[in-house]
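Colleague: Sequence isn't available, so here's the structure alone:
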């Protein structure tokens, strides 16, 4: 077994990719091996040349030098032919570029070698220097490209696996976030709404959710999806009032290439993307008449047609729609299709505005503060009794969304490990002092009374589960147990 490193002694020759470049020459004639070694040493000075005079030695060299990219193999050799050697290298060295040297009388053997697979080129003896060197150069480049391609495939597979795991975790997190106990509040109106959600979640019924802007209609839609049989499939949301009417149809149903100016390729719509899962159509009352007709077809026949296409596509999608409109009045006024209204309102749920469930405000505030603390790392002790009273008397035309914005604003202005006080609230809350009930008791006593009330409400929402209660409040389980013992809550 012999080998030679061309170039500066002691320095490994590297290719343009930064990896060693190496060639193996196998021929049972020592003179032929020596001529090939000298020729390649002159013509490819940046390449290491290894030589062997039999197949067994060649396999040992390949095992010791995994950087070998090209093998130039003589077909006629005793004991192990070139074809046999090629066959022995296919599985352990899949990227190896194999070149056969053969005589004109070896046609049958050549066909056998090619049929064995993985033969890049064959060269006839006597070989021509320019042809030989050119084919080997091509083989070295092919090997580099094959290695790069394999590396990229491995990276893509690893990235796909990471995304798969992350997606599974996100779905799991979504299920936890939108479980029934994750809907914050314990007021009678909200409890009535959640009873309806629980009844319809395990069905495939179309649901129409009504309620004022900011009242939490999408939260209710997500609770229906993630507590039902489609929870492992997509939940896709679209606001029908946020997109121009002429684009909304394409967004929902997709389009064929050339259907309109700018449609340069086929595009899948949201109905196809949500196949097997749920499509939430917010502000359904703002849909244009043409789109209402298309929606009716989906609900009646379970199929869609992309814009510019006559081919129907079957879809299995649960539709949950929401609106702040009085759709019955819109039907009477001719602004909304009667048949579509009846098809959407198979099961109706009304989300009460915040002003009708003010008992939920303390729990909502505590929940929002917990989320803000988790996201920012900043800790605020809570909301002072006086500030809470001001939050409680507001009418909230913007509903829960308005409350959330106000708490976020106050949280940003509050100092670390301090309470949110009335002076940190926006003017529309600080100007409400005339409506506030007179304070009673010490500040400490009022704060403890409020904290105990929040703890009881959170514990009830979690059905007594202390771990879930602590997570919901953004505190440790040990801290929760200490507080429960302090206030005598069981």
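Modeller: Okay, I see it. This one's a predicted model, so the numbers in the text were calculated from it and none came from an experiment.
Colleague: For stretch 97-104, which outside residues touch it?
Modeller: If you take C-beta atoms under 8 Å, 6 or more residues apart in numbering as the criterion, stretch 97-104 is touched by 27, 69-76, 82, 86, 89, 109-110, 113, 118-125, 127, 135-136, 139-140, 142-143, 146. The C-beta positions use only the backbone N, C-alpha and C, and glycine is treated the same way.
Colleague: in it, what counts as buried?
Modeller: 97-102 (16 or more other C-beta atoms under 10 Å).
Colleague: Which ones among those residues map onto helices?
Modeller: Using DSSP state H, no member of these falls within helices.
Colleague: And the helices in the stretch 1-150 of the chain, which stretches?
Modeller: 30-43, 55-64, 82-90, 107-115, 129-177 (DSSP state H, counting those that start in this stretch).
Colleague: now do the stretch 251-400 of the chain
Modeller: Under DSSP H, counting those that start in this stretch, the stretch 251-400 of the chain gives helices at 270-273, 289-301, 327-332, 338-344, 361-376, 385-393, 399-413.
Colleague: Of these, give the one that comes closest to residue 422.
Modeller: helix 385-393 (4.8 Å; C-beta to C-beta).
Colleague: quick revisit: dump the helices of the stretch 251-400 of the chain to a markdown table, plus distance to residue 239.
Modeller: Compiled in a markdown table, the helices of the stretch 251-400 of the chain are given as follows (distance: least, C-beta to C-beta, whole Å):
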| stretch | distance to residue 239 |
| --- | --- |
| helix 270-273 | 12 |
| helix 289-301 | 13 |
| helix 327-332 | 16 |
| helix 338-344 | 16 |
| helix 361-376 | 23 |
| helix 385-393 | 28 |
| helix 399-413 | 14 |
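Colleague: Could you say which one of the ones you listed comes nearest to residue 351?
Modeller: Nearest of these (C-beta to C-beta): helix 399-413, 8.8 Å.
Colleague: chain center to that closest one: distance?
Modeller: Distance, stretch centre to chain centre, for helix 399-413: 29 Å (C-alpha atoms, centre = their mean, to the nearest Å).
Colleague: for stretch 49-57, same thing?
Modeller: That offset, for stretch 49-57, works out to 51 Å (C-alpha atoms, centre = their mean).
Colleague: do the same with stretch 210-220
Modeller: 26 Å.
Colleague: Tell me the buried residues in it?
Modeller: Within stretch 210-220, the residues that qualify as buried are 210-212, 214-220, counting by 16+ other C-beta under 10 Å.
Colleague: go on, stretch 350-366?
Modeller: By neighbour count on 16+ other C-beta under 10 Å, the buried set for stretch 350-366 is 350-354, 356-366.
Colleague: Just list the residues touching the closest residue to residue 230 other than its chain neighbours, thanks.
Modeller: Nearest non-adjacent residue to residue 230, counting by C-beta to C-beta, 6 or more residues apart in numbering: residue 277, 5.1 Å away. The neighbours of residue 277, taking C-beta under 8 Å, 6+ apart as the test, are 225, 230, 233-236, 317-318.
Colleague: ok, back up a step: closest one to residue 469 out of the buried residues of stretch 97-104, please.
Modeller: Using C-beta to C-beta, the buried residues of stretch 97-104 come closest to residue 469 at residue 97, 64.9 Å.
Colleague: Which strand residues bridge that closest one?
Modeller: residue 70 (DSSP bridges).
Colleague: and the gap between it and residue 46?
Modeller: 17 Å (C-beta to C-beta, to the nearest Å).
Colleague: quick revisit: which one of the buried residues of stretch 210-220 is nearest to residue 254?
Modeller: Once C-beta to C-beta is applied, the member of the buried residues of stretch 210-220 that ends up nearest residue 254 is residue 218, at 23.0 Å.
Colleague: which of the contacts of stretch 97-104 count as buried?
Modeller: The buried subset of the contacts of stretch 97-104 (16+ other C-beta under 10 Å) comprises 27, 69-76, 82, 86, 89, 109-110, 113, 118-123, 127, 135-136, 139-140, 143.
Colleague: related to what we said a few turns ago, please narrow the contacts of residue 277 to those residing in strands.
Modeller: Under the assignment DSSP state E, the contacts of residue 277 contribute 235-236, 318 to strands.
Colleague: now the chain, which segments are flagged as low pLDDT?
Modeller: Applying pLDDT under 70 to the chain flags residues 1-20, 104-117, 164-182, 259, 431-447, 474.
Colleague: Can you give the domain ranges for it?
Modeller: Split into domains by automatic domain parsing, the chain comes to 2-149, 178-352, 356-487.
Colleague: Turn the ones you listed into TSV, columns for distance to residue 162.
Modeller: Shown next, in TSV, are the domains of the chain (distance: least, C-beta to C-beta, whole Å):
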stretch	distance to residue 162
domain 2-149	20
domain 178-352	19
domain 356-487	23
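Colleague: And those: which comes nearest residue 163?
Modeller: Among the domains of the chain, domain 178-352 comes nearest to residue 163, with 14.7 Å by C-beta to C-beta.
Colleague: chain center to that closest one, what's the gap?
Modeller: How far domain 178-352 lies from its chain's middle: 22 Å, per C-alpha atoms, centre = their mean.
Colleague: Could you report the neighbour count for residue 423?
Modeller: Counted by other C-beta atoms under 10 Å, the residues lying close to residue 423 total 11.
Colleague: Surely it touches residue 414?
Modeller: No. Taking contacts as C-beta atoms under 8 Å, residue 423 lies outside contact range of residue 414: 10.3 Å.
Colleague: Now render the ones in strands among the contacts of residue 277 as CSV, adding distance to residue 293 and neighbour count.
Modeller: Listed next are those as CSV, based on distance: C-beta to C-beta, whole Å; neighbours: other C-beta atoms under 10 Å:
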residue, distance to residue 293, neighbour count
235, 25, 22
236, 21, 18
318, 20, 22
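Colleague: Distance to residue 337 added to the residues you listed, as CSV?
Modeller: What follows is these, written out as CSV (distance: C-beta to C-beta, whole Å):
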residue, distance to residue 337
235, 26
236, 23
318, 20
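Colleague: Sort out which one of these lies nearest residue 459 for me.
Modeller: Nearest member of these to residue 459, counting by C-beta to C-beta, is residue 235, at 29.1 Å.
Colleague: For residue 27, see how far away that closest one is.
Modeller: From residue 235 to residue 27 the distance is 66 Å (C-beta to C-beta).
Colleague: Then residue 208?
Modeller: Taken as C-beta to C-beta, the span from residue 208 to residue 27 is 81 Å.
Colleague: what does residue 274 give?
Modeller: 64 Å.
Colleague: ok so, going back, going by distance to residue 159, which of the buried residues of stretch 210-220 wins?
Modeller: residue 218 (30.6 Å).
Colleague: and that closest one, that's in a helix?
Modeller: Yes. Judged by DSSP: H, G, I helix; E, B strand; the rest coil, residue 218 forms part of a helix.
Colleague: residues contacting it?
Modeller: 237, 280, 282, 322.
Colleague: Can you report how many residues lie near the first one?
Modeller: The one in question is residue 237. Neighbour count for residue 237, taken as other C-beta under 10 Å: 17.
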